[in-house]
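Chemist: Fold the following for me, if possible:
(2 chains)
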There are 2 protein chains.
Amino acid sequence: MNNLQTLPIGVFDSGVGGLTVLQALQRKLPQESFLYLGDTARLPYGTKSAETITRYAKQAVNILLERGIKCLVLACNTATAASLPALQQLFPQIPIIGVIAPGAQAACDNSITGKIAVIATEATIKAQGYQQAIKQIRSDAQVVTQACGLFVPLAEEGWIDGPIAEAIAKEYLTPLMTKTTFDCLVLGCTHYPTLVKTLRKVIGEKIAIVDSATTTAQVVEQLLMDKNLLQVTSTPSTVTFIVTDAPERFAKIAKQFVGIEIGSDHVELVDLV
Amino acid sequence: MNNLQTLPIGVFDSGVGGLTVLQALQRKLPQESFLYLGDTARLPYGTKSAETITRYAKQAVNILLERGIKCLVLACNTATAASLPALQQLFPQIPIIGVIAPGAQAACDNSITGKIAVIATEATIKAQGYQQAIKQIRSDAQVVTQACGLFVPLAEEGWIDGPIAEAIAKEYLTPLMTKTTFDCLVLGCTHYPTLVKTLRKVIGEKIAIVDSATTTAQVVEQLLMDKNLLQVTSTPSTVTFIVTDAPERFAKIAKQFVGIEIGSDHVELVDLV
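Modeler: Purely as a prediction, here's the structure:
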């Protein structure tokens, strides 16, 4: 056993979206502890420039490193698309895993025809991370994309099904479905899995729907094994939440978003600036 | 004539919303120049805490003061609700006008029964600014409120009418209309005037719809007259735009939002941190 093994896994997101990734990590690695940081003061990242996102992410990683983590999961597609290489270069002392490569892998595993649709935030689509990652795995793939600006506020409002969610999903997806006959839809934003029932209704039963959460958890498990960083003691695992603004709102949205019960007094407030 | 008269009027907003106020100011005061700052790196303010909003607004006011302005319009309801008194105390050297007192005045002028509904962002409703301002003018007023979290992204997506906008407006307004028979609806967020046609369709013809823009422009004109700060030379007026992130996105949304044509090369990028 080494000291690093007992450290938590850092999970960084702009807000609550990364909680879907945290849940997948907890399912896969129940013995591990986690330190989750949500940059709620400056969310959403989906409409910001790559430079600004990288600057904010850098500040977040510094806080997580000060607290002590053994690896970092960038549980935000936009942050991954905009800043993963920059962060890996800036912080060579720690393994950093993004959610896009695992998501692209899941897409390629689940597509037979190689025609893949990616839906994500404006910034993620613009950064072309999914498009490139999918092409790297499968060079003959045809990737179509659509930014879905209303899905994040819709999920945070808790309107994840019903006629409004369905009408919005149709508005975004119908042009994509008319354009091409894709057989796999990638949810390229960690908020989108909460809308999966509605998306399924709109695209029908035949198209595979994949997200990054489960494959990211597999990648993290493999990395921890390779680097001999798996938690091996029987210490009870813990999850600590840090946010940059409005802990009570974070706790409220976390509950309606993924059903996680966190008292707002269990969410610590930090200042990143 | 004094030197101050020739300075621009500062207009501060979290993003593009304040452009509806800028337009009202330009209509009322065509001889004046304006310096508009949109904190696009950290928008939206509507879900943030009062402390964080005040911290961000303070940084913005500092930049505007460095550039030179003769008065400041807080063209954002959320910033006004969360930080107007704090900013007035911090910057006694400059007159600061918020949009809530003028909006409350417009509501009281347009309501016969005194039953007034206010729709705004979560942070504006929580800060109770409209509720208090209306009661100060008319103590017997009955104010009902509703936070409409999806209206800002809806307006920024450009989906200001059609069945989706209408369904969302109904979802927010029907419970309000069932609760009370108000005769005046206050658009307590500078994004909402772009949705006015849809809102009119949902609430019918009889209820007055008011926003802060026009009355704020009247208050600013009166203030400039009282303080002998009106622009009296015939110098052509100018409008300068400063944003904290993504100038090209600001220019694009400004066009679809209020029809203002700004080349992205005419939007200056500054860093507030």
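
Chemist: how about the residues of chain A near chain B?
Modeler: Residues of chain A lying close to chain B by C-beta under 8 Å from any C-beta of the partner chain are A:40-43, A:47-49, A:52, A:149-150, A:152-154, A:156-157, A:159, A:163-164, A:167-168, A:171, A:244-246, A:249, A:273. Any C-beta I mention is one placed from the backbone N, CA and C, and that applies to glycine too.

Chemist: could you flag which of those residues are buried?
Modeler: Listed as buried from those are A:40-43, A:47-49, A:52, A:149-150, A:152-154, A:156-157, A:159, A:164, A:167-168, A:171, A:244-246, A:249; burial here means 16 or more other C-beta atoms under 10 Å in any protein chain shown.

Chemist: Okay, helices next: where are they in the stretch 101-250 of chain A?
Modeler: Ranges of helices within the stretch 101-250 of chain A are A:122-127, A:129-137, A:151-157, A:163-179, A:196-203, A:213-226, A:247-258, based on DSSP state H, counting those that start in this stretch.

Chemist: Looking at these, which one is packed in the most?
Modeler: Ranked by mean neighbour count under mean count of other C-beta atoms under 10 Å in any protein chain shown, these are led by helix A:151-157, which reaches a mean of 24.

Chemist: Please enumerate residues in contact with that one?
Modeler: Helix A:151-157 has contacts (C-beta atoms under 8 Å, 6 or more residues apart in numbering or on different chains) with A:15-17, A:44, A:46, A:119, A:121, A:160, A:164-165, A:168-169, A:172, A:189, A:191-192, A:194-195, A:253, A:257, B:47, B:149-150, B:152-153.

Chemist: cutoff 6 Å now
Modeler: Outside helix A:151-157, the residues within contact range by C-beta atoms under 6 Å, 6 or more residues apart in numbering or on different chains are A:Pro44, A:Ala165, A:His191, A:Tyr192, A:Thr194, A:Ile253, B:Gly149, B:Leu150, B:Pro153.

Chemist: Out of those, flag the one nearest to A:Gln142.
Modeler: Nearest to A:Gln142 among the contacts of helix A:151-157: A:Tyr192, at 21.1 Å, using C-beta to C-beta.

Chemist: what's the burial count for the closest one?
Modeler: 27 (other C-beta atoms under 10 Å in any protein chain shown).

Chemist: For it, which residues are in contact?
Modeler: With C-beta under 6 Å, 6+ apart, A:Tyr192 has these contacts: A:Phe151.

Chemist: let's see 8 Å
Modeler: Contacts of A:Tyr192 (C-beta under 8 Å, 6+ apart): A:Ile119, A:Cys148, A:Phe151, A:Ala155, A:Leu199, A:Asp211.

Chemist: where in chain A is pLDDT low?
Modeler: A:1, A:273 (pLDDT under 70).

Chemist: What are the boundaries of the strands in it?
Modeler: Per DSSP state E, chain A carries strands over the ranges A:9-13, A:34-38, A:71-74, A:96-98, A:115-120, A:142-147, A:184-187, A:208-211, A:239-243, A:267-269.

Chemist: so can I have CSV of the ones you listed showing mean neighbour count?
Modeler: As requested, the strands of chain A are exported to CSV (neighbours: other C-beta atoms under 10 Å in any protein chain shown):
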stretch, mean neighbour count
strand A:9-13, 27
strand A:34-38, 25
strand A:71-74, 26
strand A:96-98, 23
strand A:115-120, 25
strand A:142-147, 18
strand A:184-187, 27
strand A:208-211, 20
strand A:239-243, 20
strand A:267-269, 17
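
Chemist: Could you dump the ones you listed into JSON lines with distance to B:Gln5 added?
Modeler: Shown next, in JSON lines, are those (distance: least, C-beta to C-beta, whole Å):
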{"stretch": "strand A:9-13", "distance to B:Gln5": "49"}
{"stretch": "strand A:34-38", "distance to B:Gln5": "47"}
{"stretch": "strand A:71-74", "distance to B:Gln5": "52"}
{"stretch": "strand A:96-98", "distance to B:Gln5": "54"}
{"stretch": "strand A:115-120", "distance to B:Gln5": "50"}
{"stretch": "strand A:142-147", "distance to B:Gln5": "45"}
{"stretch": "strand A:184-187", "distance to B:Gln5": "56"}
{"stretch": "strand A:208-211", "distance to B:Gln5": "58"}
{"stretch": "strand A:239-243", "distance to B:Gln5": "46"}
{"stretch": "strand A:267-269", "distance to B:Gln5": "44"}
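
Chemist: for the ones you listed, which one sits closest to B:Lys58?
Modeler: Among the strands of chain A, strand A:267-269 sits nearest to B:Lys58 (C-beta to C-beta), with 18.5 Å.

Chemist: list the helices and strands that closest one packs on?
Modeler: strand A:239-243, helix A:247-258 (3 or more C-beta pairs under 8 Å, 6 or more residues apart in numbering or on different chains; DSSP states H and E).

Chemist: try 10 Å
Modeler: strand A:34-38, strand A:239-243, helix A:247-258 (3 or more C-beta pairs under 10 Å, 6 or more residues apart in numbering or on different chains; DSSP states H and E).

Chemist: and the longest one with strand A:239-243, angle?
Modeler: Angle of helix A:247-258 versus strand A:239-243, following axes from the mean of the first three to the mean of the last three C-alpha atoms, to 10 degrees, is 120 degrees.

Chemist: now helix A:247-258: how far from the chain's centre is it?
Modeler: Remark: helix A:247-258 is offset 17 Å from the chain centroid, using C-alpha atoms, centre = their mean, to the nearest Å.
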